[in-house]
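Engineer: Structure for this input, please:
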Amino acid sequence: MDAVRDLLTERAVLGLIATLAVLGLFVMLCRARRVSTSVEDAVMDMLHRMSKASADLREGLTEDAANKATPHLREMLRCVAVGITDHEGTLLSWDGGANDHYEFLRSYIERAIGEGHKEHVEHRKLDCELPGPCSLHSAVIVPLVVENDVAGTLIVVSGVANKRQIRMAEETARFVSTQLELEVLQKSRQALAQAEVRALRAQISPHFVYNALNTISSLIRTDPAHARELLQEFAEFTRYSFRTDGFFTTLADELTNIHRYLTIEQARYGSRLNVRLKIAPEVLQVVLPFLVLQPLVENAVRHGLAKKPGGELTIIAEDNGAEALISVEDDGVGMDPDRLFDDLKDAHQTGAHVGLGNINHRMRAVFGDDYALVVETAPDAGMKIILKIPKYRPGVQTNLPLVPPRLEDTTEQPAVRA
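Structural biologist: Residues are numbered from 1 along each chain as shown. Alright, predicted model coming up:
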């Protein structure tokens with residue numbers, strides 16, 4: 001996970017550098033040509049084109065994405081034509097003139113892919129038999145390198161041949177490569193997000209599943225109506241916990257699933273488990289990462305209250321201006337804060353404190369470092385876990401697929417208070 005986060009940061013910096021390099025060269029090109037429009041207008045147009053091309057290239061190196069990106073790249077470079085091939089040299093898109101010259105360039109494309117360096121082709125080297133002047137004065141073929149492998153090539157056809165045009169082609173290829181690498185990293189983010197949720201699902205206590213079914217089984221003869229109710233709650237609990245249709249959910253849906261969990265646990269523990277809820281209606285539609293509250297409630301029951309003859313679990317969700325303030329508190333056995341840190345380091349191996357480090361990481365990844373979990377605990381003083389959820393955050397909505405909006409360099413440990 002740390003490697004993915006570091007790589008994402010590195011690629012983001014590279015993307016910015018590539019963008020600035022292309023922009024700087026474009027300004028110099030505009031000045032050299034003494035274009036009639038102002039440099040400021042040219043820069044604005046350049047930024048617009050780069051923004052459009054970036055969005056298209058984030059779809060990956062496909063024919064559709066290449067067809068969308070090449071017109072913007074050609075306008076950026078102010079050249080005769082721009083082409084993009086895949087890693088086998090197959091042409092994905094060509095925008096502009098001289099498209100009948102692609103076959104003349106095929107051997108140079110194959111060499112650029114095979115040797116991993118640019119090819120500069122002047123018209124005199126081609127078998128062009130046009131009777132008049134040819135629009136292809138020179139062509140620069142630059143490999144598109146993604147994670148150290150050649151994913152394709154960028155072909156820039158110009159009506160003039162100079163060092164500035166060659167360098168512009170190289171920098172534009174670097175810009176395209178960076179966008180393609182970010183697309184690869186986006187897929188890595190998706191895989192990471194899915195893995196984190198799968199890890200939480202896997203950490204839903206097998207003991208809970210066994211004990212839930214055992215409790216239901218024990219009631220089948222003595223109280224079949226209650227057994228059917230618990231079985232329905234268990235089915236709905238597992239259906240929600242193992243859903244695959246989104247990374248985010250509403251507080252209302254998360255609390256509904258917690259109610260199912262607690263209904264089953266109260267049937268098992270009876271009067272030993274008391275639950276107190278205090279939920280402000282105005283925060284029920286706040287959007288938060290899927291499956292962040294239920295594991296905290298399970299921690300409270302499993303590690304805090306199960307070891308005592310009786311106890312109380314309190315869940316509070318209240319309005320706090322631009323945020324919802326949520327707390328999960330138990331009056332159980334508590335623990336030493338230093339030991340909590342030690343347990344979290346090995347939680348992925350021991351299963352201690354189900355997903356606490358995972359949840360803390362997801363909160364910080366989605367909302368930022370200011371939204372890390374806060375844990376208040378001490379021996380024999382119970383435990384209280386506090387979450388802050390912003391009421392609005394760009395990119396956070398319930399209909400998104402299983403991928404967070406961004407991923408930052410974060411640690412796995414929440415803030416702990418004695």
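Engineer: so Val297 sits right up against Tyr261, yeah?
Structural biologist: Yes. Counting by C-beta atoms under 8 Å, Val297 does reach Tyr261; the two are 6.5 Å apart. Heads up, the C-betas are built off the backbone N, CA and C, glycines and all.
Engineer: How about the secondary structure of the closest residue to Val275 other than its chain neighbours?
Structural biologist: Distances taken as C-beta to C-beta, 6 or more residues apart in numbering put Leu313 closest to Val275, at 5.1 Å, once the chain neighbours are dropped. Of the three states, Leu313 takes strand under DSSP: H, G, I helix; E, B strand; the rest coil.
Engineer: Give the ranges of residues in the stretch 101-250 of the chain that sit below the confidence cut-off.
Structural biologist: Applying pLDDT under 70 to the stretch 101-250 of the chain flags residues 127-133, 161, 186-205, 244-246.
Engineer: what's the distance between Val297 and Leu291?
Structural biologist: Computed as C-beta to C-beta, to the nearest Å, the Val297 to Leu291 distance reads 11 Å.
Engineer: and for those two, which residues touch both?
Structural biologist: Shared contacts of Val297 and Leu291 (C-beta atoms under 8 Å, 6 or more residues apart in numbering): none.
Engineer: returning to that earlier point: show me what the residue nearest to Val275 is bridged to.
Structural biologist: Assessed by DSSP bridges, Leu313 has beta-bridge partners Val275, Asp330.
Engineer: Test my guess that it contacts Val301.
Structural biologist: Yes. The pair Leu313 / Val301 is scored as a contact, 6.6 Å apart, by C-beta under 8 Å.
Engineer: Residues that sit against both of these two, list them.
Structural biologist: Shared contacts of Leu313 and Val301 (C-beta under 8 Å, 6+ apart): Leu262, Leu273, Asp330.
Engineer: how many neighbours does Thr222 have?
Structural biologist: 8 (other C-beta atoms under 10 Å).
Engineer: same deal with the one 10 residues further on?
Structural biologist: Other residues within reach of Gln232 by the criterion other C-beta under 10 Å amount to 12.
Engineer: and it, what element?
Structural biologist: Using DSSP states H and E, Gln232 maps to helix 224-241.
Engineer: what does Val176 give?
Structural biologist: Going by DSSP H and E, Val176 is part of helix 163-203.
Engineer: before we move on, the earlier item: name the residues that touch the helix holding Gln232?
Structural biologist: Looking at helix 224-241 with C-beta under 8 Å, 6+ apart, the contacting residues turn out to be 201, 204, 212-213, 215-217, 219-220, 253, 256-257, 260-261, 263-264, 267, 291, 294.
Engineer: Could you turn the buried ones of these into a PyMOL selection?
Structural biologist: In PyMOL, this line selects whichever of the contacts of helix 224-241 come out buried by 16 or more other C-beta atoms under 10 Å:
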select buried, resi 204+212+215+216+219+253+257+260+261+263+264+267+291+294
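Engineer: Going by residue numbers, what spans are strands in this protein?
Structural biologist: 81-86, 91-96, 119-122, 138-146, 149-158, 248-250, 273-279, 287-289, 311-320, 323-330, 374-377, 383-390, 415-417 (DSSP state E).
Engineer: Tabulate those strands (CSV), appending distance to Thr238.
Structural biologist: Conversion of these to CSV gives the following (distance: least, C-beta to C-beta, whole Å):
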stretch, distance to Thr238
strand 81-86, 43
strand 91-96, 45
strand 119-122, 58
strand 138-146, 40
strand 149-158, 41
strand 248-250, 16
strand 273-279, 21
strand 287-289, 19
strand 311-320, 21
strand 323-330, 21
strand 374-377, 28
strand 383-390, 24
strand 415-417, 31
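Engineer: Relative to Asp64, which of those is closest?
Structural biologist: Among these, the nearest to Asp64 by C-beta to C-beta is strand 91-96 (8.9 Å).
Engineer: what comes up buried for the closest one?
Structural biologist: Under 16+ other C-beta under 10 Å, the buried positions of strand 91-96 are Leu91, Leu92, Ser93, Trp94, Asp95, Gly96.
Engineer: Which two of those have the greatest separation?
Structural biologist: Across the buried residues of strand 91-96 (C-beta to C-beta), the longest gap, 14.5 Å, separates Leu92 and Gly96.
Engineer: low pLDDT regions in the stretch 301-418 of the chain?
Structural biologist: For the stretch 301-418 of the chain (pLDDT under 70), the answer is 341-355, 399-418.
Engineer: Which parts of it are helices?
Structural biologist: Per DSSP state H, counting those that start in this stretch, the stretch 301-418 of the chain carries helices over the ranges 337-345, 347-350, 356-367.
Engineer: now the last one against strand 323-330, angle please.
Structural biologist: Angular relation of helix 356-367 and strand 323-330 on a 0 to 180 degree scale: 180 degrees, by axes from the mean of the first three to the mean of the last three C-alpha atoms, to 10 degrees.
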